[in-house]
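S.K.: sequence first, then the predicted structure, then my questions.
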Number of protein chains: 4
Amino acid sequence: MPNHLEQAPALQVSQWFNTANPITLDALHGQVVVVHAFQMLCPGCVTHGNPQAVRIHEAFDRKDVVVLGLHTVFEHHAVMGPLALEVFIHEYRIPFPVAVDTAAIGSSVPLTMQAYGLRGTPSLVVIDRQGFIRLHHFGSLDDLQIGVLLGRLVSESANPT
Amino acid sequence: MPNHLEQAPALQVSQWFNTANPITLDALHGQVVVVHAFQMLCPGCVTHGNPQAVRIHEAFDRKDVVVLGLHTVFEHHAVMGPLALEVFIHEYRIPFPVAVDTAAIGSSVPLTMQAYGLRGTPSLVVIDRQGFIRLHHFGSLDDLQIGVLLGRLVSESANPT
Amino acid sequence: MPNHLEQAPALQVSQWFNTANPITLDALHGQVVVVHAFQMLCPGCVTHGNPQAVRIHEAFDRKDVVVLGLHTVFEHHAVMGPLALEVFIHEYRIPFPVAVDTAAIGSSVPLTMQAYGLRGTPSLVVIDRQGFIRLHHFGSLDDLQIGVLLGRLVSESANPT
Amino acid sequence: MPNHLEQAPALQVSQWFNTANPITLDALHGQVVVVHAFQMLCPGCVTHGNPQAVRIHEAFDRKDVVVLGLHTVFEHHAVMGPLALEVFIHEYRIPFPVAVDTAAIGSSVPLTMQAYGLRGTPSLVVIDRQGFIRLHHFGSLDDLQIGVLLGRLVSESANPT
């Protein structure tokens, strides 16, 4: 494991879909967490990122890997609100929990997107079993690469050695 | 040419995008017209229908074939209004004119969709140089099939024989 | 129709597969003929050209369009002989007739390939109902383009006007 | 790691391509080895298996994962000999070492294919750093699955604990 890893900041969420209860990263300690940051009207997200996130969600036992969608709206806010997102999740049959990133006051970039320093959508953040950020990627990654990373991280212990 | 062809009903349009002036089928007499009926949050439209409509638009001289998008919202009206559609057209770089089908009073199905009897989205309607409907298809068609049809129709005369 | 069309030269065939009797272009007068020139160990042929030729074969009534494979071996002759080709046709389930282009004496390029001036594989030659060459293409073409061309040619008469 | 793992049998190879010296599994102890068993005229191998094997080869440092092709000819032997295979490797630009499985006397199935009990082509056998078989799969696997497995195996030690 590399030195100087960054502990994943808390998610700042104004609304959840596809989960009965709010989810925190703290509660997922011990699991690998894949945060798929997207916007519902971002073509690269719809064509590549969302289907890949669904494949990851389906490939793992939930005790090993949890996929979370994070709707990080930083443009066209008026037409990508929660009502529109709910339709999107329904029509595209997104099966994993999706969080709405909390809007910032005085900035178009929402709070979690700011805290993680995401450059745009789609972005993929992978958090290991100990809560450290191990991948922080803007754009697309192929399935083999993300598979190898997740295979490595799943093999690690949840406790520091 | 088959007998008993149906003359294409007029488009009933509340708003146009990607055109300076409203377009009528009458004004397109002499050209083959491909009407691509879609909804912006319909996965089959986004994945298959829209990219195919763009390919058709790019494959032909405008004097032979004109592609028109028709936004036929029949569900989730609140989140697929013109402001959202404008963002969609911009983000997906739709290059052809797009008409908003006029909402009906007392029905969720808009007026042009009713007049053409469209069953859902995506639907493809192809109108020949004389204004007759020659294809009326719900769902996806492969590029070879639609290419063959358009090649045939382009070869026809604009005037009845 | 363009002026100065070239009449398609006769096929020079040493062996046929998938047909009980040898086929001549003369006998196909009145039909559009798609000649798909390929080599069995050419990756572009296997990945793109052959599947497209199969789609064309399946899309048309035989009285309108006939697809013929033409095995134009111009390199690695020792390992792409008729016995190997027969296995290839079987394993890839090629459904249309396939001709073996007759080897030339003193040249690695076989006779039909020479007569048509083909530059390599895959090449597509499309012959109209009157026997004129209307497409002569080296490399890949998309389905929409070839569909449009075939739709146009199918609409033409078999007799000169 | 599961109990009762099977130690990978030695490869029985009559000829190598893409390597100056013969390769043995013993010499690869400490590395994960991916054996991609294929036939050059098997469509599933050409379309899916070979490109995936190339992607795996390119995704890893050689000290972690080594990809080996294994040409397991069990049918149509006359047209898939070493001369034909050499052309195939050249035309398809296969970048990893390829072994010709040794023909058996009195059986169409070659010796390594027999020793591993492979059911057909393409087959994927993955051997861990200690020389144990960890995957034995006939048919296609998606990139995410094989990536996860390889990520896990790369994380393991080369020495028994």
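M.R.: In hand now; what should we look at?

S.K.: in which helix or strand does residue A:30 reside?
M.R.: Using DSSP states H and E, residue A:30 is not contained in any helix or strand.

S.K.: apart from its neighbours in sequence, what residue is nearest it?
M.R.: Spatial nearest neighbour of residue A:30, excluding adjacent residues (CB to CB, 6 or more residues apart in numbering or on different chains): residue A:158 at 4.0 Å. From N, CA and C alone the C-beta is placed, and that goes for glycine too.

S.K.: number of residues surrounding that neighbour?
M.R.: Counted by other CB atoms under 10 Å in any protein chain shown, the residues lying close to residue A:158 total 12.

S.K.: how close does it sit to residue A:31?
M.R.: Here the distance between residue A:158 and residue A:31 works out to 8 Å (CB to CB, to the nearest Å).

S.K.: what's the overlap in contacts for the two?
M.R.: Common contacts of residue A:158 and residue A:31 (CB atoms under 8 Å, 6 or more residues apart in numbering or on different chains): residue A:129.

S.K.: please see if stretch A:80-97 touches chain B.
M.R.: Yes: interface with chain B: stretch A:80-97 contributes A:80, A:81, A:83, A:84, A:87, A:88, A:91, A:92 (CB under 8 Å from any CB of the partner chain).

S.K.: I figured the residue nearest to residue A:30 hits residue A:63, correct?
M.R.: No: in this structure, residue A:158 is not within contact of residue A:63 by CB atoms under 8 Å, at 10.6 Å.

S.K.: which ones are touching the nearest residue to residue A:80 once chain neighbours are set aside?
M.R.: Among residues not flanking residue A:80 along the chain, residue A:73 sits closest, at 4.7 Å (CB to CB, 6+ apart). Going by CB under 8 Å, 6+ apart, residue A:73 touches A:39, A:80, A:81, A:100, A:101, A:103, A:110.

S.K.: who wins for most neighbours among the residues you listed?
M.R.: Those, ranked by neighbours (other CB under 10 Å): first place residue A:101, 26 neighbours.

S.K.: quick check: it vs chain B, distance?
M.R.: 18 Å (CB to the nearest CB, to the nearest Å).

S.K.: partners of whatever helix or strand residue A:67 lives in, with directions?
M.R.: Using DSSP H and E, residue A:67 sits in strand A:65-71. Applying DSSP bridges, strand A:65-71 is found paired with strand A:32-38 (parallel), strand A:98-101 (parallel).

S.K.: tell me which of the ones you listed sits nearest to residue D:23.
M.R.: strand A:32-38 (34.6 Å; CB to CB).

S.K.: how about the residues of chain A near chain D?
M.R.: Within chain A, the positions near chain D by CB under 8 Å from any CB are A:55-56, A:59-60, A:142-156.

S.K.: so which of these are in helices?
M.R.: Secondary structure from DSSP state H places A:55-56, A:59, A:143-154 of those in helices.

S.K.: show me how to select, in PyMOL, the buried members of these.
M.R.: Listed next is the PyMOL selection for buried residues among these, using 16 or more other CB atoms under 10 Å in any protein chain shown:
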select buried, chain A and resi 55+56+59+143+144+145+146+147+148+149+150+151+152+153+154
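
S.K.: what's the most distant pair in the ones in helices among the residues of chain A next to chain D?
M.R.: Maximum distance among those (CB to CB): 17.9 Å, for A:55 and A:152.

S.K.: what's the closest non-adjacent residue to the most centrally placed residue in chain A?
M.R.: Taking CA atoms, centre = their mean as the criterion, residue A:35 is the residue nearest the geometric centre of chain A, at 1.6 Å. Sequence neighbours aside, residue A:125 is the residue nearest to residue A:35 in space, at 4.2 Å (criterion: CB to CB, 6+ apart).

S.K.: before we move on, back to that, can you list the contacts of residue A:73 in a markdown table and add pLDDT, distance to residue C:96 and secondary structure?
M.R.: A markdown table is the format used below for these (pLDDT from 0 to 100; distance: CB to CB, whole Å; DSSP: H, G, I helix; E, B strand; the rest coil):
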| residue | pLDDT | distance to residue C:96 | secondary structure |
| --- | --- | --- | --- |
| A:39 | 98 | 47 | coil |
| A:80 | 98 | 50 | coil |
| A:81 | 98 | 54 | coil |
| A:100 | 98 | 55 | strand |
| A:101 | 98 | 55 | strand |
| A:103 | 98 | 60 | coil |
| A:110 | 98 | 57 | coil |
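
S.K.: nearest to chain C, of these?
M.R.: Closest to chain C out of those is residue A:39 (30.5 Å), distances taken as CB to the nearest CB.

S.K.: list phi and psi for the closest one.
M.R.: phi -120, psi 140 (degrees, to the nearest 10).

S.K.: still on that earlier bit, output the following helix or strand past the strand holding residue A:67 as PDB, restricted to C-alpha atoms.
M.R.: Counting by DSSP H and E, the next helix or strand C-terminal to strand A:65-71 is helix A:82-91. What follows is helix A:82-91, C-alpha atoms only, in PDB (Å, rounded to 0.1, in the frame of the first residue of the first chain):
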ATOM      1  CA  PRO A  82     -34.000  15.500  -7.700                       C
ATOM      2  CA  LEU A  83     -37.400  15.000  -9.500                       C
ATOM      3  CA  ALA A  84     -35.500  14.600 -12.900                       C
ATOM      4  CA  LEU A  85     -32.900  12.400 -11.300                       C
ATOM      5  CA  GLU A  86     -35.600  10.100  -9.900                       C
ATOM      6  CA  VAL A  87     -37.000   9.600 -13.400                       C
ATOM      7  CA  PHE A  88     -33.500   9.000 -14.700                       C
ATOM      8  CA  ILE A  89     -32.800   6.300 -12.100                       C
ATOM      9  CA  HIS A  90     -36.100   4.700 -12.800                       C
ATOM     10  CA  GLU A  91     -35.800   4.700 -16.600                       C
END
